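Student: The following block contains a protein sequence and its predicted model.
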Amino acid sequence: MYFSQLDSDKSGQIDIEELEVPFISLNLCNSREQVRQAMTAIDKDNSGTIEFDEFLNLIKDASSSKAQVKRAYHQDRENIDMLRERKNEKD
């Protein structure tokens, strides 16, 4: 769904012209050059465009990173709670 919204010319690929406005509007990038750098990181086959499989990998990586952050946050919360309990036991 998101891929097809970004692929405005329905070519099956997302190029810099299709990505520039959304990335800058969402404050993911500040300039066309930053969009180009982001595309280079996503474009694994160096075609100059993002194909659907590359887009899926980006989404999977983002989801995985989000899950890792959530796990770390919950682990930190558990550690803080445990330290508070220990401190309260000493008092």
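Tutor: Done, it's in.

Student: Test my guess that Asp15 contacts Asp43.
Tutor: No: the criterion here is C-beta atoms under 8 Å, and Asp15 misses it with Asp43 at 10.0 Å. Placement of C-beta: from N, CA and C, glycine included.

Student: which neighbours do those two share?
Tutor: Counting by C-beta atoms under 8 Å, 6 or more residues apart in numbering, the residues touching both Asp15 and Asp43 are 49-50.

Student: What is the longest helix of this protein by residue count?
Tutor: For the chain, the longest helix by residue count, based on DSSP state H, is helix 52-90.

Student: What is that one packed up against?
Tutor: If you count contacts as 3 or more C-beta pairs under 8 Å, 6 or more residues apart in numbering; DSSP states H and E, helix 52-90 packs onto helix 2-6, helix 32-42.

Student: Contacts for the longest one next, please.
Tutor: So the one you mean is helix 32-42. Surrounding helix 32-42, the residues in contact under the criterion C-beta under 8 Å, 6+ apart are 16, 19-20, 23-24, 28-29, 48-50, 54-55, 57-58.
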